[in-house]
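Engineer: here is a sequence together with a model predicted from it:
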Amino acid sequence: MLPCELTLVAASDAVRRRELSPVELVESVLARVASVAPLNAYVTVTAERALAAARRAEQEIVAGRWRGPLHGIPMALKDLIDVAGLPTTASSRVRADHVAEVDSTVAARLAAAGAVLVGKTHTHEFACGLITPQTANARRADRIAGGSSGGSAVAVAAGAATFALGTDTGGSIRVPAALNGVVGLKPTYDLVPRDGVVPLSWSLDHVGPLTRTVADAALVLPVLTGQELSTVDRKITGLRVGVPRDHYFDQVDPEVEGAVRMAIALLESLGARLVDVDIPMTRYFRPIHWGLMVPEATAYHERTLLGAPELYSPEVRVLLEVGALVSAADYLRARRARTLLRREWLCLMETVDVLVAPTTPITATPIGHTDVTWPDDFAETVSEAHARLSTPADITGVPALTVPIGRDHAGLPIGLQLMGRPLEEDLLLRLGQACELELPPPHP
Amino acid sequence: MSQPLTPAEVARWAAHAGLPLSPDRHDAVAAVAARLHSVVAVLRELDFGDTTPEDVDASL
């Protein structure tokens, strides 16, 4: 196995034991970045900076100054996340001349932990979509990467970063993670600082890690939050696992549903107690999400929308223009409806410890394939299909984790979504790791 | 349910909101606005009572 293919846990352990030099690890990742360049995961590759940081890490570790599990580990940041001295393009012509003056809090915390920045990864323009059309899927290059953190997911899946950060406003960490067969964690709202991160929608945005394993995510999260590292408990006996009767299994591909049902049966066989649950207020998920996200996005982009609207892609431009037509009455209804939904959701979460569901209703679709039509003739866009299952955790702010649990007939990854109570990421990691350890590896 | 905005109404609303549109944008924006408004209008069904527009609080 090449160093670039190691999990974060394995790479970190090898670096700490001085069996693997951070320079060797970073060189391996940079070589992989070059060899998978056609996937177009990266906007900017910071090779010289990365090698210099790796050499510093090597010297510190040799001198006995190991900073922790991310020391000397190559990682990527979605190109919405500021790093001082580097452009933050948001994969948009609007920000072609932008250079960040200071680090975002998450970039600063990763740097302090000794992580090595390999580069900035592509996003669907300004995170306004779940496709990332300029980037190809790491498992099959004729399929979409998913978005909006498509570059981060592809980089991690392809060995072009040991871990990466993304953002999630309507599924943008979990969707590309699921479609590329990696782990993605959307933490509880406000748990990870968002300052220095280009917003899509202030009240819905989350920052979190994309990794190869659940244990890897458990190493990154405490660095982002500034909290103590904790080991992932493996006990799941007696945990109440909520299985939705509605919404999450409606309009879902049978192969995806089959894989998720198998994972649920596995959790039961390991001692979890399954509880059938009804999901509250499902009719209002999309109205709340759109009613919050669209006007908030327009508010952020107001100045550039006035000055240079032609620099946005047509799909993003029209969305931002429409946001100006959402009345304050509609926006406040969305906010009040979120209050109701969150209350209902937290009541539901008193009856179970976690909810399980598919992360996405379909696997990665062919590039250019814009719509999905279900057997009952219900049609929706690919982005709308993915958003159906991922937006509830953004609206309510509860933590959500996706874990790869299998593949469809075409070899495309399928993700299991676990959602928990606020600040109970540890439970999600515990159950996610159980699935990961017990199910066959999702990739050869 | 309210009627969709016409392109002329979209132009007037956008200008009123401080984000005026060039005439070649009116039709495209009106089409997307119709969809957005039809989706968010569903929230009018809800009886909010004294519900406040709370911020999401991680500590809850």
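Structural biologist: On my side now, so go ahead.

Engineer: spatially nearest residue to the residue of chain B found nearest chain A (excluding sequence neighbours)?
Structural biologist: Using Cβ to the nearest Cβ, B:P53 is the residue of chain B that sits closest to chain A, at 3.3 Å. From N, CA and C alone the C-beta is placed, and that goes for glycine too. Sequence neighbours aside, A:R335 is the residue nearest to B:P53 in space, at 3.3 Å (criterion: Cβ to Cβ, 6 or more residues apart in numbering or on different chains).

Engineer: quick revisit: I figured the residue of chain B closest to chain A hits A:A328, correct?
Structural biologist: No: the criterion here is Cβ atoms under 8 Å, and B:P53 misses it with A:A328 at 10.9 Å.

Engineer: the more surrounded of the two?
Structural biologist: B:P53 (15 against 8; other Cβ atoms under 10 Å in any protein chain shown).

Engineer: quick one: residues contacting that one.
Structural biologist: Residues near B:P53 by Cβ atoms under 8 Å, 6 or more residues apart in numbering or on different chains: A:332, A:335-336, A:338-339.

Engineer: keep only those of the residues you listed that are in helices.
Structural biologist: Counted as lying in helices by DSSP state H, out of those, are A:332, A:335-336, A:338-339.

Engineer: what is the nearest of these to A:Q134?
Structural biologist: Checking these against A:Q134 with Cβ to Cβ, the nearest one is A:R338 at 32.1 Å.

Engineer: test my guess that that closest one contacts A:L292.
Structural biologist: Yes: because the distance of 6.8 Å satisfies Cβ under 8 Å, A:R338 is recorded as touching A:L292.

Engineer: higher neighbour count, the two?
Structural biologist: Counted by other Cβ under 10 Å, A:R338 and A:L292 do not tie: A:R338 has more neighbours, with 28 against 25.

Engineer: what's the pLDDT at that one?
Structural biologist: pLDDT recorded at A:R338 is 98.

Engineer: can you list the residues of the stretch 201-350 of chain A near chain B?
Structural biologist: By Cβ under 8 Å from any Cβ of the partner chain, the residues of the stretch 201-350 of chain A that approach chain B are A:203, A:283-284, A:286-288, A:290-291, A:294, A:298, A:302, A:305-306, A:318-319, A:321-322, A:324-326, A:330, A:332-340, A:342, A:346.

Engineer: and the helix or strand hosting A:R56, what's buried?
Structural biologist: Using DSSP states H and E, the element containing A:R56 is helix A:47-62. For helix A:47-62, the neighbour count (16 or more other Cβ atoms under 10 Å in any protein chain shown) marks A:49-51, A:53-55, A:57-58, A:60-61 as buried.

Engineer: before we move on, what about stretch A:109-120?
Structural biologist: Quick answer for stretch A:109-120 (16+ other Cβ under 10 Å): A:109-111, A:113-120.

Engineer: now render those as JSON lines, adding secondary structure and pLDDT.
Structural biologist: Compiled in JSON lines, the buried residues of stretch A:109-120 are given as follows (DSSP: H, G, I helix; E, B strand; the rest coil; pLDDT from 0 to 100):
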{"residue": "A:R109", "secondary structure": "helix", "pLDDT": "98"}
{"residue": "A:L110", "secondary structure": "helix", "pLDDT": "98"}
{"residue": "A:A111", "secondary structure": "helix", "pLDDT": "98"}
{"residue": "A:A113", "secondary structure": "coil", "pLDDT": "98"}
{"residue": "A:G114", "secondary structure": "coil", "pLDDT": "98"}
{"residue": "A:A115", "secondary structure": "coil", "pLDDT": "98"}
{"residue": "A:V116", "secondary structure": "strand", "pLDDT": "98"}
{"residue": "A:L117", "secondary structure": "strand", "pLDDT": "98"}
{"residue": "A:V118", "secondary structure": "strand", "pLDDT": "98"}
{"residue": "A:G119", "secondary structure": "strand", "pLDDT": "98"}
{"residue": "A:K120", "secondary structure": "strand", "pLDDT": "98"}
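
Engineer: which one of the residues you listed is nearest chain B?
Structural biologist: A:R109 (17.6 Å).

Engineer: if we check chain B, which of the buried residues of helix A:47-62 are in contact?
Structural biologist: Restricting those to those touching chain B (Cβ under 8 Å from any Cβ) yields no residues.

Engineer: would you format these as CSV with distance to A:V223 included?
Structural biologist: Below are the buried residues of helix A:47-62 laid out as CSV (distance: Cβ to Cβ, whole Å):
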residue, distance to A:V223
A:R49, 19
A:A50, 18
A:L51, 22
A:A53, 16
A:A54, 18
A:R55, 21
A:A57, 15
A:E58, 20
A:E60, 16
A:I61, 17
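
Engineer: where does chain A get nearest to chain B, residue-wise?
Structural biologist: A:R335 (3.3 Å).
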